[in-house]
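Colleague: Just need the structure, nothing else, for what follows:
(one chain, ligands or ions: 2)
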Amino acid sequence: MIQVAPSLLAADFARLGEAVETVNRSEASLIHIDVMDGLFVPNITIGFPIISSIKTIARKPLDVHMMVTDPGRFVSQVRDCGAEIMNVHYEASTHLDRDIHAIKATGMKAGVTLNPATPVGLLEDIITEVDMVLLMSVNPGFGGQKFIANTVSKVARLKQLIVSTGSHAVIEVDGGVDLNTAPALVEAGADVLVAGSYVFRAADPIDAIDRLRHISTH
Ligand code: DX5
Ligand code: ZN
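Modeller: Ligands and ions are numbered 1, 2, ... in the order given. Sure thing, here's the model as predicted:
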């Protein structure tokens, strides 16, 4: 069954604790946290003190999506926040192999993230080293954007690469995911769906998570 990772970016930050408690009570598999530096992406969001606070009440593993330049600088800080997964952008890391191994050395799972225009073929020489590949289905920086349809074929191409290399990486997709866009992603081979607006703008976020998790591909 598909895993759902609600993105707290779409929550009301004045009620962040309540949003985490809601995710705790749901069938979500992960809590997705978007860290932005105002340089790699044109926005600034959550930082380490907030992630540490979230960790004190979260009962789901934290999936930290680093939208920052040179993310290798922050491996120990992300680990010290109690994150289970650290995702770094291919485009932001000069020494991706070094960063991936530094993340894994802390005991966290290591993910590499691709912007919409970055081809999956560039992962050929790192795919067997990563635990997750996060495909952006919007340009990173903001919630509530329109899903880029090309992501579906990208998921299929990534799945092929994973199978042909014997990689154990799971495929996560982030941006514009809802009940309309999810079925084709699941069909193409996605394992984890990040959803922000779809979950937190729903009248009943727990039910919304449940419905995404039980998505039918036909
Ligand atoms: C965007 C973030 C996403 C964002 C998704 O840069 O990486 O995680 O919260 O939001 P929705 O689901 O609203 O597109
Ligand atoms: Zn994200």
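Colleague: alpha carbons only for contacts and neighbour counts from here, please
Modeller: Noted.
Colleague: how near is the nearest residue to Val41 once chain neighbours are set aside to Asn115?
Modeller: If the residues on either side of it in the chain are set aside, Val41 comes closest to Gly141, at 5.3 Å by CA to CA, 6 or more residues apart in numbering. Taking CA to CA, to the nearest Å as the measure, Gly141 falls 11 Å from Asn115.
Colleague: picking that back up, for the residue nearest to Val41, what is the enclosing helix or strand?
Modeller: Per DSSP states H and E, Gly141 falls between elements, in no helix or strand.
Colleague: OK, contacts around it?
Modeller: Contact analysis of Gly141 by CA atoms under 8 Å, 6 or more residues apart in numbering lists Met36, Val41, Pro42, Asn43, Met67.
Colleague: for Gly82, same thing?
Modeller: Ser52, Lys55, Leu62.
Colleague: neighbours around the last one, how many?
Modeller: When neighbours are counted by other CA atoms under 10 Å, Leu62 registers 22.
Colleague: Also the second one?
Modeller: Summarising burial for Lys55: neighbours were counted as other CA under 10 Å, giving 18.
Colleague: That one is in contact with Glu84, isn't it?
Modeller: No. With contact defined as CA atoms under 8 Å, Lys55 and Glu84 do not form a contacting pair (10.3 Å).
Colleague: near ligand 1, which residues of this protein show up?
Modeller: Neighbours of ligand 1 within the chain, by CA under 6 Å from any ligand atom: 7, 9-10, 34, 140-145, 174-177, 195-197.
Colleague: In helices, which of those appear?
Modeller: Ser197 (DSSP state H).
Colleague: if we can go back for a sec, where do the contact lists of Lys55 and Glu84 overlap?
Modeller: Common contacts of Lys55 and Glu84, defined by CA under 8 Å, 6+ apart, comprise Leu62.
Colleague: what about the strands in the chain?
Modeller: Applying DSSP state E to the chain gives strands spanning 3-6, 31-36, 62-67, 85-89, 109-114, 132-136, 170-174, 192-195.
Colleague: List the neighbouring strands of the last one plus their orientation.
Modeller: It refers to strand 192-195. Within its sheet, and counting by DSSP bridges, strand 192-195 is paired with strand 3-6 (parallel), strand 170-174 (parallel).
Colleague: Buried deepest among these, which one?
Modeller: Mean neighbour count (mean count of other CA atoms under 10 Å) peaks for strand 3-6 among the strands paired with strand 192-195, with a mean of 26.
Colleague: end to end, how far does stretch 67-75 reach?
Modeller: 13 Å.
Colleague: Quick check: the residue lying closest to Val177 once chain neighbours are set aside vs Gln160, distance?
Modeller: Leaving aside its chain neighbours, Val177 sits nearest to Ala195 (5.5 Å; criterion: CA to CA, 6+ apart). For Ala195, the distance to Gln160 equals 24 Å [CA to CA].
Colleague: Also Leu16?
Modeller: Leu16 sits 38 Å away from Gln160, going by CA to CA.
Colleague: got it, and Ser93?
Modeller: 24 Å.
Colleague: what about Leu30, distance to Val23?
Modeller: Taken as CA to CA, the span from Leu30 to Val23 is 9 Å.
Colleague: List the buried residues for stretch 121-129?
Modeller: For stretch 121-129, a neighbour-count test (16 or more other CA atoms under 10 Å) marks Leu123, Ile127, Thr128, Glu129 as buried.
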